[in-house]
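Participant: Sequence and predicted model, in that order:
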Amino acid sequence: MALLLEEAQRLMAERDPAALLRRVCAAARPLTRASIVGVGIVNENLVVEDFVAVGLDDAVFSELRQSLTRTVEHPARTVFGSREIVRGVNAGGDPTAIGLPASHPPVHSYVCVPVASPSRVFGWLALVEKEGAQVFSDGDTQLASTLGALAGMAYENARLVTQLQAQAEELREHQERTDFAMFAAKAGVSYRDLDSSWTELSPSTARLFGFPPETRRVSREELYEHVHPEDGARVRAAVEKAIQDRSDFALEFRRLIPEGGPRWFQFRGRVVSNEQGDPTRVVGVVTDITERRSLELQLRQSQKMEALGQLAGGVAHDFNNLLTAILGYGRLALETASETTQRHDLEEIVKAASRAASLTKQLLAFSRRQVVETTIVDLNLLIVDMVTMLRRMIGEDVELATTLAAGLSHVRADRSQLEQVVMNLVINARDACEPGGRIRLVTDGADVDGATAAVIPGLNPGAYVTLSVIDDGAGMDEATRSRLFEPFFTTKPRGQGTGLGLATVYGIVVQSGGAIEVESESGRGSRFTVYLPREQEETQSAGRVAEAPAATTPRTVLLVEDEQAVRELVRIFLERAGHRVVEAASPEEAITRFNAMESVDLLLTDVVMPVMSGFDLFHTLVERLPSLRVLFISGYTDYALFEPTIADRGAAFLEKPFSAEALIGKVREVLSH
């Protein structure tokens with residue numbers, strides 16, 4: 001009994017099922033003095049799935065194990081089939097007589113008892129050949145039965161523990177996968193019992209909120225401590241209202257992450273109620289939406305800038321028609337004015353109109369409707385050429401320094417426009433600096449990947465040359481940065497600046513295929529970085545030098561312009577140059593007049609007209625007269641608007657407003673080629 005109790009404690013402490021079976025065999029031999037002890041475990045289909053024995057050599061054990069899985073009847077099958085104790089004597093000791101293999105040692109007596117718990121039979125415990133006796137006694141049988149029952153309960157416990165450990169490991173792996181998926185998706189879970197001041201956080205939520213990774217619960221004070229001051233009261237009010245209404249809710253807020261700055265989160269929650277309908281818990285899913293908010297902001301900004309650009313281009317188109325007439329007739333009047341006072345008044349009119357034309361040109365640059373003449377430009381050389389002028393312009397109380405990257409690639413751009421970009425950015429930086437401030441011009445190369453391009457509006461992956469204008473001035477807040485490139489927006493006092501400087505920069509850079517990144521904080525200066533596509537060709541090829549157009553004989557010009565004042569002015573310019581002019585106020589009228597004309601040397605047409613554009617008109621007429629030459633005039637357009645078939649014919653363009661000299665020179669150029 002003492003041995004049995006001792007073994008019972010050991011069996012109950014064992015958690016490994018296989019080790020438990022070996023211990024049962026080892027315990028049964030000294031308890032019953034059996035020569036051979038075997039323990040078998042069967043599954044639900046009564047098929048042996050595990051067998052352990054002591055007292056047999058390896059060969060016999062292997063053959064016996066195989067025989068136990070066959071259908072041959074033997075005492076063990078009766079035990080686990082009927083839950084009965086089998087005790088017997090085998091006269092002569094022949095093992096085959098009781099269903100055992102012939103290689104098995106002689107068997108004169110045996111006892112088989114169930115290895116079972118109260119709920120099920122797991123197998124059997126067999127005692128074979130008692131040492132020093134012919135048969136096993138009742139006491140041996142009782143000990144074996146008790147040991148089998150203990151083994152059954154211990155085996156069931158061990159299997160349950162093993163299953164629980166496996167389930168726990170599976171649950172842990174599942175939790176790790178879930179946590180990783182949630183963190184990769186920048187999402188997390190939280191819940192709070194309403195009778196508690198603590199909020200439970202999932203590991204991913206803790207990481208997203210900037211808490212230590214091991215944090216699993218925080219107080220309400222800790223939870224709201226780093227919520228943006230402008231959002232805290234709104235979030236509390238929304239949650240409390242949802243609790244009162246017992247409703248779902250969704251809100252967005254900012255949280256100040258210690259090592260990541262402000263980040264935007266979306267919180268979708270649900271109020272859980274008990275059977276009586278009383279709210280008991282708030283559960284929610286938190287998602288980091290910082291990147292989404294940034295992309296939405298970029299999209300809205302891009303749409304706004306595009307709309308403003310279209311508006312500016314439309315205004316510039318109509319305004320340029322007016323300026324063409326004002327400047328043209330003003331200069332004509334100057335030619336015949338004799339009185340000093342009269343000439344002075346006319347000169348002031350022309351000057352004012354010229355300044356208006358300059359403003360319109362900036363609007364065209366912003367709206368990307370300006371004609372550009374691109375060449376391959378060495379950005380470093382351009383800055384070197386401008387430094388002296390820039391230093392005079394910003395004055396002696398602000399330092400200007402340059403850091404130019406060696407071996408910098410070239411860019412393709414309109415040189416005069418690029419100079420305007422540099423000048424406008426430097427002037428803007430000067431205005432932001434206090435006396436003693438510093439401005440730096442830095443050039444470099446950049447290979448932009450998809451992740452970088454995603455956070456800079458208008459930038460695509462690729463190879464770029466960058467120009468950074470850096471100042472240590474007052475800097476800007478977020479509200480100012482969001483409107484920085486809008487035309488006529490300025491932070492300068494009334495009467496100082498037009499608000500078109502940065503708008504012009506924006507238009508020129510975008511038209512050149514680049515983008516602008518602005519980094520600035522209040523009190524910490526600003527950095528404007530211009531990205532321009534890198535040009536593969538490093539040196540400008542020697543282009544064809546155009547010879548001065550020779551004087552041409554008078555020609556017949558079909559003039560098409562829907563603005564009467566501009567049409568009459570252009571007619572006067574052309575007739576004064578000796579050309580014969582046939583006027584048309586619309587494309588339809590132009591087609592009618594063309595059909596009635598004996599010959600036409602040049603089509604001079606506005607681009608934007610009702611019903612039919614100047615391009616479409618040219619397509620119609622050139623089918624009838626392939627040798628027809630064309631000069632397009634307009635208040636806004638660019639060469640990208642030319643269709644390839646028109647561009648291939650050497651189409652020329654003249655931007656409004658223009659002078660008589662510019663018009664006649666362009667006509668002469670077109671007719672001489």
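Facilitator: Cool, the structure landed.

Participant: any idea how far residue 557 is from residue 662?
Facilitator: 16 Å (Cβ to Cβ, to the nearest Å). C-beta coordinates here come from the backbone N, C-alpha and C atoms, glycine included.

Participant: of these two, who's got more company?
Facilitator: Neighbours per residue (other Cβ atoms under 10 Å) separate residue 662 from residue 557, with residue 557 holding more: 24 against 13.

Participant: quick one, phi psi at that one?
Facilitator: For residue 557, the backbone dihedrals (degrees, to the nearest 10) come out as phi -120, psi 130.

Participant: That one against residue 583, yeah?
Facilitator: No - using Cβ atoms under 8 Å, residue 557 makes no contact with residue 583, being 9.5 Å away.

Participant: pLDDT weak spots in the stretch 301-450 of the chain?
Facilitator: Along the stretch 301-450 of the chain, segments meeting pLDDT under 70 span 301-317, 358-373.

Participant: can you map out the helices along it?
Facilitator: Under the criterion DSSP state H, counting those that start in this stretch, helices of the stretch 301-450 of the chain are mapped to 340-367, 379-394, 415-432, 450-454.

Participant: Over to the stretch 501-650 of the chain?
Facilitator: All helices of the stretch 501-650 of the chain, identified by DSSP H, counting those that start in this stretch, fall at 501-511, 564-576, 587-596, 614-624, 644-647.

Participant: Which positions within whichever strand or helix holds residue 233 qualify as buried?
Facilitator: Assessed by DSSP states H and E, residue 233 sits inside helix 232-245. Buried residues in helix 232-245, defined by neighbour count with 16 or more other Cβ atoms under 10 Å: 232, 235, 238-239, 242-243.

Participant: Quick one: mean pLDDT for the longest strand along the chain?
Facilitator: The single longest strand within the chain, with elements called by DSSP state E, is strand 261-273. On average, the pLDDT along strand 261-273 is 88.

Participant: One more: stretch 129-136?
Facilitator: When pLDDT is averaged over stretch 129-136, the result is 87.

Participant: before we move on, what about stretch 585-593?
Facilitator: Stretch 585-593 carries an average pLDDT of 94.

Participant: So which residues make contact with it?
Facilitator: Identification of contacts with stretch 585-593 by Cβ atoms under 8 Å, 6 or more residues apart in numbering yields 558, 560-562, 564, 567, 582, 584, 605, 609-614, 616-617, 620-621.

Participant: redo that, cut-off 6 Å
Facilitator: For stretch 585-593, contacts defined as Cβ atoms under 6 Å, 6 or more residues apart in numbering pick out 560, 562, 582, 584, 612, 617.

Participant: Mind pulling up the pLDDT for residue 96?
Facilitator: In this model, residue 96 is scored at 86, pLDDT.

Participant: Quick check: it vs residue 142, distance?
Facilitator: To residue 142, residue 96 is 29 Å away according to Cβ to Cβ.

Participant: what stretches of the stretch 151-300 of the chain score poorly on pLDDT?
Facilitator: Across the stretch 151-300 of the chain, the ranges flagged by pLDDT under 70 are 260, 298.

Participant: ok, 50 please
Facilitator: For the stretch 151-300 of the chain, no stretch has pLDDT under 50.

Participant: Which one of the helices of the stretch 301-450 of the chain lies nearest to residue 182?
Facilitator: Residue 182 lies closest to helix 450-454 among the helices of the stretch 301-450 of the chain, at 21.6 Å (Cβ to Cβ).

Participant: Of all the residues in that closest one, which ones are buried?
Facilitator: Buried residues in helix 450-454 (16+ other Cβ under 10 Å): residue 453.

Participant: how about that helix as CSV, C-alpha atoms only?
Facilitator: Output of helix 450-454 as CSV, limited to C-alpha atoms (Å, rounded to 0.1, in the frame of the first residue of the first chain):
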residue,chain,number,x,y,z
GLY,A,450,7.4,55.5,-54.3
ALA,A,451,7.3,56.1,-50.5
THR,A,452,8.9,59.5,-50.8
ALA,A,453,6.8,60.5,-53.8
ALA,A,454,3.6,59.6,-51.9
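
Participant: helices or strands up against that helix?
Facilitator: Helices and strands in packing contact with helix 450-454 are not found; criterion 3 or more Cβ pairs under 6 Å, 6 or more residues apart in numbering; DSSP states H and E.

Participant: any idea which helix or strand comes after that helix?
Facilitator: Downstream of helix 450-454, the first helix or strand assigned by DSSP H and E is strand 462-471.

Participant: Flag every buried residue along the helix or strand just after that next one.
Facilitator: Next helix or strand after strand 462-471 toward the C-terminus (DSSP H and E): helix 478-482. Neighbour counts over helix 478-482 (16+ other Cβ under 10 Å) mark 481-482 as buried.

Participant: Please enumerate the strands of the stretch 151-300 of the chain.
Facilitator: Assigned by DSSP state E, counting those that start in this stretch, the stretch 151-300 of the chain shows strands spanning 187-193, 198-201, 217-219, 249-257, 261-273, 279-288.

Participant: Would you mind giving the ones you listed as CSV with mean neighbour count added?
Facilitator: CSV is the format used below for these (neighbours: other Cβ atoms under 10 Å):
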stretch, mean neighbour count
strand 187-193, 19
strand 198-201, 18
strand 217-219, 16
strand 249-257, 17
strand 261-273, 17
strand 279-288, 18
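
Participant: would you turn the ones you listed into TSV with distance to residue 20?
Facilitator: Below are the strands of the stretch 151-300 of the chain laid out as TSV (distance: least, Cβ to Cβ, whole Å):
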stretch	distance to residue 20
strand 187-193	40
strand 198-201	39
strand 217-219	40
strand 249-257	53
strand 261-273	45
strand 279-288	43
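
Participant: Run through the bridge partners of residue 448.
Facilitator: Counting by DSSP bridges, residue 448 is bridged to residue 462.

Participant: contacting residues for it?
Facilitator: 461-462, 464.

Participant: rerun at 7 Å
Facilitator: Residue 448 is in contact with 459, 461-462, 464, counting by Cβ atoms under 7 Å, 6 or more residues apart in numbering.

Participant: And for residue 520, the neighbour number?
Facilitator: Close neighbours of residue 520, defined as other Cβ under 10 Å, add up to 21.

Participant: so it touches residue 475, yeah?
Facilitator: Yes - Residue 520 is within contact range of residue 475, at 4.9 Å (criterion: Cβ atoms under 7 Å).

Participant: Give me the common contacts of those two.
Facilitator: By Cβ under 7 Å, 6+ apart, residue 520 and residue 475 have these common neighbours: residue 526.

Participant: Let me know the distance separating residue 477 from residue 672.
Facilitator: 57 Å.

Participant: And the closest residue to residue 281 other than its chain neighbours, how far from residue 236?
Facilitator: Nearest residue to residue 281, sequence neighbours excluded (Cβ to Cβ, 6 or more residues apart in numbering): residue 272, at 4.3 Å. Separation of residue 272 from residue 236 (Cβ to Cβ) stands at 19 Å.

Participant: With residue 383 instead?
Facilitator: Per Cβ to Cβ, residue 383 is found 54 Å from residue 236.

Participant: one step back: just the buried ones out of the contacts of residue 448, please.
Facilitator: Buried residues within the contacts of residue 448, counting neighbours by 16+ other Cβ under 10 Å: 459, 464.
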